[in-house]
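Engineer: 3D model of this:
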Amino acid sequence: MTLKQQIETTVSECIQSVFSNIEAIPLEVQLTKKEFEGDFTVVLFPLVKALRLAPAQIGEQLGVLLLQKSSLLKSYNIVSGFLNLTLQERAFTETFSHIFANSNFGSHPISAEGGAIVEFSSPNTNKPLHLGHIRNILLGFSVSRILEAAGKKVHKTQIINDRGIHICKSMLAWQRFGNSETPQTAQMKGDHFVGKYYVQFNIAYEEEIKALEANGLTKDEAKKQAPIFLEAQDMLRKWEAGDAEVVSLWKTMNQWVYEGFETTYRDLEVDFDSYYYESETYLLGKSVVTLGLEKGVFEQDPDGSVWIDLTADGLDRKIVLRADGTAVYMTQDIGTAIQRMKDQPGMDQMIFTVGNEQDYHFKVLFLILKKLGFSWANQLHHLSYGMVDLPTGKMKSREGIVVDADDLIAEVIDTATAISQELGKLDGYSEEEKSALYRTIGLGAMKYFLLKIDPKKKITYNPKESVDFNGNTGPFIQYAHARIQSILRKAGNIPTTLATVSTLDAKEIELIKVLEDFPAVVKVAAAELSPALIANYAFDVVKAYNSFYQSVSILGESDENTRTFRVQLSAKTAEVIKKALYLLGIQSPERM
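Structural biologist: Numbering: from 1, shown residues only. I've put the predicted structure just below:
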């Protein structure tokens, strides 16, 4: 039980003994603000409303009783509606003793029951990954690690959108303009190569639209009648009919893209446990729709199309099967969700990392699965996130105005290289070591910047701002870890038995209080699917450590026990920083 939990329990017992005639009131205990004396604060306002007594009167009665009841409490004071509690120093030495002894501090035991399937990335095979995909990938990957730390089995997956008119556009453009060019002959990554032809298609398409408009057609008419668009539609029909030549080209170009994607995933240091392909899953839900019709979940219109009426649930009427019997996206998603749960028996939760423009789609999907009677449908979550824009505005894939993922990775590494070289602290490093460190710093900067902000919020990303060695940034936190490692190297062997100290400095107490929060922060981050909580916690740890580092002597301390204790406190802090960064998918350098 943490100190906060102990205080909450004791305060709750005291409230019931003093004010036994009231019902249970939500109790709020928080760390005392730095400008006030105390370690933990009990917020009295909820009690004031229930008891109709002055805050000072309630606080005084509670404070007196707490001093009698808890041996951990040293003193108390009351400021407005807040009861500030100061604990005995031994409360913090005992707390740190438990933290120090826990070799896996911050992680919870993996539960034998249940588990989570986390979907992220899920790209189209007509273009390379871009900045928007990076936020998606980093969110999904980080949430996977956080859920594991919180005690969940996790299965990481994605669905690759490898069919549809957008794929045919790239294929047709390659036939028209490619002249048998390949990624190898063009010396391009496969996803970049195919994406180039997607852009070329749209350039040609726009030219044909303008020509048709000049001949008197409206823009909408021109879009539908442009020859290149009609050819793309015809190619899609051939693909669906299994035309050998079209399918062969489709497989070849998709393979180019898959190879390109894998390179980007390796560069981002992420991985997956399984892959699903839309070309294999888009018909999965059709049999489910038939069963749903029999159960009365769906209804069939006279034209043969199948719908679900969700108006009574505050939504609308949604089609799940076209009149010609072909599947829509919703049909596919219903079938894929069911198939994933079959493929991963024992899992009871599924998380979809998809941008907030699909919020309504997932409300409908989850409700349909509930109405179909799947018990796990209550554990479906849409990890909705805001879009990522550039300082210059919104990205546009069709026009090629995007921040390419590979270009962005290269840019942040180049920026980290330039800044690190300016600081000039890498004497004695080999060129290979320097290169690896620049990469670690650059990737850490990008990942931290994109993860420290609440997923629901929109982001404007500037790579140069992210690679900063000061403030709430990845490099700042990485540097703190490296600084501690330098102290530990100088300290030599660190005893495995915690040193005994008679007194604690106020900065040591503040640091221990922040460290103790780690397991609880992991649990909350997992419940809220928010890596931002981990990122900002890591920043709080570094701020607390830096304050400690600047206020007390560590290696220069004359008392051996105190020196050892401070080294041990530093070592545990480094472990927590490293674990927090790991949960964000960020590496922690030993030297910087």
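Engineer: Model confidence for residue 397, exactly?
Structural biologist: On pLDDT, residue 397 comes in at 43.
Engineer: Could I get the full set of strands for the stretch 401-550 of the chain?
Structural biologist: Secondary structure of the stretch 401-550 of the chain (DSSP state E, counting those that start in this stretch): strands at 459-460.
Engineer: Could you give the secondary structure assignment for residue 556?
Structural biologist: Following DSSP: H, G, I helix; E, B strand; the rest coil, residue 556 is assigned to coil.
Engineer: From the centroid of this protein, which residue is nearest?
Structural biologist: residue 139 (2.6 Å; Cα atoms, centre = their mean).
Engineer: Disregarding flanking residues, what is the spatial nearest neighbour of residue 292?
Structural biologist: Nearest residue to residue 292, sequence neighbours excluded (Cβ to Cβ, 6 or more residues apart in numbering): residue 298, at 4.3 Å. Bear in mind the C-beta positions are built from the backbone N, C-alpha and C, glycine included.
Engineer: Give me the neighbour count for the one you found.
Structural biologist: By other Cβ atoms under 10 Å, 23 other residues sit near residue 298.
Engineer: And stretch 530-550, what's buried?
Structural biologist: Buried residues in stretch 530-550, counted by 16 or more other Cβ atoms under 10 Å: 530-545, 548-549.
Engineer: how about low-confidence regions in the stretch 151-300 of the chain?
Structural biologist: Of all residues in the stretch 151-300 of the chain, none has pLDDT under 70.
Engineer: Please, where are all the strands along it?
Structural biologist: Applying DSSP E, counting those that start in this stretch to the stretch 151-300 of the chain gives strands spanning 154-160, 274-277, 299-300.
Engineer: so which of those gets nearest residue 433?
Structural biologist: Residue 433 sits nearest to strand 154-160 of all the strands of the stretch 151-300 of the chain, at 30.7 Å, using Cβ to Cβ.
Engineer: Partner strands of the closest one, with direction?
Structural biologist: Next to strand 154-160 in the sheet, as set by DSSP bridges, lie strand 116-119 (parallel), strand 274-277 (parallel).
Engineer: which one of these is the most hemmed in?
Structural biologist: With neighbours defined as mean count of other Cβ atoms under 10 Å, these peak in mean count at strand 116-119, which reaches a mean of 26.
Engineer: Quick check: what element follows it along the chain?
Structural biologist: Moving toward the C-terminus from strand 116-119, the next helix or strand (DSSP states H and E) is helix 131-149.
Engineer: I'd like to check the angle between that following helix and strand 154-160, please.
Structural biologist: 160 degrees (axes from the mean of the first three to the mean of the last three Cα atoms, to 10 degrees).
Engineer: So for helix 131-149, mean pLDDT?
Structural biologist: Mean per-residue pLDDT for helix 131-149: 97.
Engineer: chain center to that helix: distance?
Structural biologist: Helix 131-149 sits 4 Å away from the centroid of its parent chain (Cα atoms, centre = their mean, to the nearest Å).
Engineer: And it, what's buried?
Structural biologist: 131-149.
Engineer: same question, stretch 30-37
Structural biologist: residue 32.
Engineer: what's the span of it, first residue to last?
Structural biologist: Counting by Cα to Cα, to the nearest Å, you get 13 Å between the two ends of stretch 30-37.
Engineer: what residues does that stretch touch?
Structural biologist: With contact meaning Cβ atoms under 8 Å, 6 or more residues apart in numbering, stretch 30-37 is reached by 38, 39, 40, 41, 43, 77, 79, 82, 84, 85, 86, 513.
Engineer: Just give me how far it sits from the chain centre.
Structural biologist: 30 Å.
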